[in-house]
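*Asks:* Give me a model of this one.
(2 chains)
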Amino acid sequence: MASISMRPCGDFRTRYADDTTIFPDRAGRNWVIVGLALAAAAPLFLDAYWLELLIRIGYYGIAALGLNILVGFTGQISIGHAVFFGFGAFASGYLSREWAVPVWAAIPLAGAWTAAVGLIFGLPAARIKGLYLAIATLAAQFILEDFFARAEWFTGGVAGSMAAPFEVAGFALDTPERFFYLVLGYVVVLYLAATNIMRTRDGRALVAVRDHYLSAEIMGVNLTKYRVMSFGLSSFYAGIGGALYGHYLGFVSVEAFTILLSIQFLAMVIIGGLGSIMGTLMGTAFMVLLPEAMDGIARGIEGSPIYEALNLQVGLNFLKEMAIGAAIILFLIFEPDGLAHRWRQIKAYWKLYPFSY
Amino acid sequence: MDTFLLQLLLNGLIIGALYGVVAMSFVLIYKASQVVNFAQGEFLLIGAWVCWALLAQWQLPFYAAFFFTLIFMMAFGILLQVVVLRPLIGEPIISVIMVTIGLSIFFQALLKWIFGVSAQPFPPIFASATINVFGLPVQTVYIMSLAVSLAIMGAFAWFFKYSRMGLAMRATASNQQAAQSLGISIRQVFAMAWAISAMVSAVAGVVVGVVNGVSSALSVFGIKVFPAVILGGLDSIVGAILGGLIIGVLENLAHYFDTKWLHFGNMIGIAPFYVLIVILMIKPYGLFGTKNIERV
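*Replies:* Reported below is the predicted structural model:
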């Protein structure tokens, strides 16, 4: 498993402050600012298709970050993240529809509500761990999925339900350009929040629970509290991501939150790098862009013999699913620390150029 | 007792025996190589589709097709262990779990791609007759499936009690280092465990396929296996069989109560998972499991 303390050669730290800083060097901070500026200007030069992809990366990225807090930072595996994502989407739609809560308030409320549900399902996590926890969350996935399908007052049942568009003082964020800024804002705030949580006492306690829970307990870390808290935090992120998803699409249906989505979230976290916050965003981008790239390739070779031989007309969807599975397997075997690790190596290579090895 | 309940109980026993067989092969892998195999259901699926292809498309007689399916699954199990699982020995448990999940969706999608999404019936192999059991009409294929399950369980018992390989596998499960020092090849044991597990699952897959037709719904067995093994204890083969039987009967009972009184719908699919959560809360090592799970 990836550990944050793994640093490339030549990156020395001499003070404690170096270890807790968000940006280890000025260049890194400047690059983040440049990246943010580029993202903020993105609607000026990107068309609706790319914006739609960026929005998707945004809301999935928020939910995936929640999973990374749970899996990467606390070492608790969850195979039911998609239902919490779905719960957020349904909850926000329900709050704005039935209780007439304005959407800007419904999104954080949905996050809090999902966090509460996550805490309930996190209670078994206080007692069990490892693969038993994986199996328990698998059961949670099926139980909540079943609940979504039958709770018509909450989710509209199998028919699904509508979610109101985002509106502030009569100004509707109904185009991808406008909604993009909302998602961007949430991504920046929540990613910064996660970075800072990991620098606090509580965040370090989570990492201690992951690295050696016995030592952590001896040092006075309350295991039960932090395991359950990690579940709540992760569900909060999932709920916010889901709420954004719901209000963006305007329609939420049970079918979106199957175990396949849970596995995709896990894939994002693993490909990005367990225990890496920026890596989560990279992993999400990878998982969102991979099927799009396959679509593009398939369109490019449409009509050619290869296209016919592979029966891509029907087979492309299955190929995309296979690609998810293959990506998980290949990354775990060849790059278990994910894209974040690879990125650090690339940075170190150029930092020490031409004396790197 | 009305006949509906009796019918459901009988169904539960028959399906439960199949759960037991799949759970047994799941436990086999877990015991031998400490891998939680989330792709167990796909083993059934692959076995059933290969056998179906040999029968329906290559027009082989059933016994030949069945034999070649077993050979194929043995090679497949060994290959999987050597290529995918062996590099992960010593990695944290989450990586191993994730790899088998990855395998699961990979093969599920692959089989949908090759064979399509619609269910395909097996060509009729046995004359479909019905016989009476306790006054209930039961199709012979169901009896056959029960017989096959029992035969597999018997073969397992013999294998682990008397055969050299079986003893080596038990020794490995009990203490890897001691087994290695006695000259047992751990690599061989791991590969063997996967091969046997794949073969046994494939037999279960073929049985279900003969009864219900082959479709991706078969991989549900791989999910239902979890309630069974957790109930029985994750590292107990007897527990797996009993757990399978109990879950099979229990889900049919849930279905009975549901149709009679509750009217929730879909209880047959979801009841085992409620059971699973309850067991994990009160008795996480199951009925027969080794009680060394760490509590906090």
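
*Asks:* Excluding chain neighbours, give the residue nearest to residue 121 in space.
*Replies:* Using chain A. residue A:140 (4.9 Å; CB to CB, 6 or more residues apart in numbering or on different chains). C-beta here means a position set from N, CA and C on the backbone, and glycine is covered the same way.

*Asks:* was after chain B, sorry
*Replies:* Closest to residue B:121 by CB to CB, 6+ apart is residue B:213, at 4.4 Å.

*Asks:* Report the separation between that neighbour and residue B:80.
*Replies:* According to CB to CB, to the nearest Å, residue B:213 stands 26 Å off from residue B:80.

*Asks:* show me what contacts the residue nearest to residue B:121?
*Replies:* Counting by CB atoms under 8 Å, 6 or more residues apart in numbering or on different chains, residue B:213 touches B:119, B:120, B:121, B:122.

*Asks:* Write the PyMOL selection for whichever of those residues are buried.
*Replies:* Selection of buried members from the contacts of residue B:213 for PyMOL, criterion 16 or more other CB atoms under 10 Å in any protein chain shown:
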select buried, chain B and resi 120+122
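
*Asks:* ok, back up a step: now the host helix or strand of the residue nearest to residue A:121, how far from the centre of its chain.
*Replies:* Using DSSP states H and E, residue A:140 falls within helix A:130-150. Averaging C-alpha positions (CA atoms, centre = their mean, to the nearest Å) puts helix A:130-150 19 Å from its chain's average.

*Asks:* Stretch A:276-285 too?
*Replies:* Per CA atoms, centre = their mean, the centroid offset for stretch A:276-285 relative to its chain is 8 Å.

*Asks:* ranges for the strands of the chain?
*Replies:* In the absence of a named chain, chain A is used. For chain A, applying DSSP state E gives strands covering A:161-162, A:167-168, A:171-172, A:251-252.

*Asks:* please go with chain B instead
*Replies:* According to DSSP E, the strands that chain B contains are B:130-133, B:136-139.

*Asks:* Which one, of these, ends up nearest to chain A?
*Replies:* Comparison of those against chain A by CB to the nearest CB identifies strand B:136-139 as nearest, at 29.7 Å.

*Asks:* Starting from the closest one, tell me which strands it pairs with and how they run.
*Replies:* Strand B:136-139 has the following strand partners under DSSP bridges: strand B:130-133 (antiparallel).

*Asks:* which residue does the stretch 151-296 of chain B bring closest to chain A?
*Replies:* In the stretch 151-296 of chain B, the residue found nearest to chain A is residue B:273; the distance is 4.1 Å by CB to the nearest CB.

*Asks:* and that residue, how many neighbours does it have?
*Replies:* Residues near residue B:273, counting by other CB atoms under 10 Å in any protein chain shown, number 24.

*Asks:* pretty sure it is touching residue A:142, no?
*Replies:* Yes - the criterion here is CB atoms under 8 Å, and residue B:273 meets it with residue A:142 at 4.8 Å.

*Asks:* want to throw the contacts of residue B:213 into TSV with pLDDT and distance to residue B:135?
*Replies:* Listed next are those as TSV, based on pLDDT from 0 to 100; distance: CB to CB, whole Å:
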residue	pLDDT	distance to residue B:135
B:119	82	31
B:120	82	34
B:121	83	29
B:122	80	29
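
*Asks:* Between the contacts of residue B:213, which sits nearest residue A:308?
*Replies:* The closest of these to residue A:308 turns out to be residue B:120 (CB to CB; 23.3 Å).

*Asks:* now the closest one, nearest residue through space, not along the chain?
*Replies:* residue B:214 (5.1 Å).

*Asks:* and the gap between the one you found and residue B:50?
*Replies:* Note on residue B:214: its distance to residue B:50, by CB to CB, is 10 Å.

*Asks:* what residues does the stretch 251-357 of chain A put near chain B?
*Replies:* A:260, A:263, A:266-267, A:270, A:274, A:311, A:314-315, A:318-322, A:324-329, A:332-333, A:336 (CB under 8 Å from any CB of the partner chain).

*Asks:* Tell me the buried residues within those residues.
*Replies:* A:263, A:266-267, A:270, A:274, A:315, A:318-322, A:324-329, A:332-333, A:336.

*Asks:* how about the helices in the stretch 1-150 of chain B?
*Replies:* Along the stretch 1-150 of chain B, the segments classed as helices by DSSP state H, counting those that start in this stretch run B:3-33, B:40-52, B:62-80, B:93-115, B:140-162.

*Asks:* can you check the stretch 151-300 of chain A too?
*Replies:* A:152-155, A:176-197, A:201-211, A:213-218, A:223-249, A:259-272, A:277-300.

*Asks:* Tell me which of those helices approaches residue B:131 most closely.
*Replies:* Residue B:131 sits nearest to helix A:259-272 of all those, at 39.4 Å, using CB to CB.
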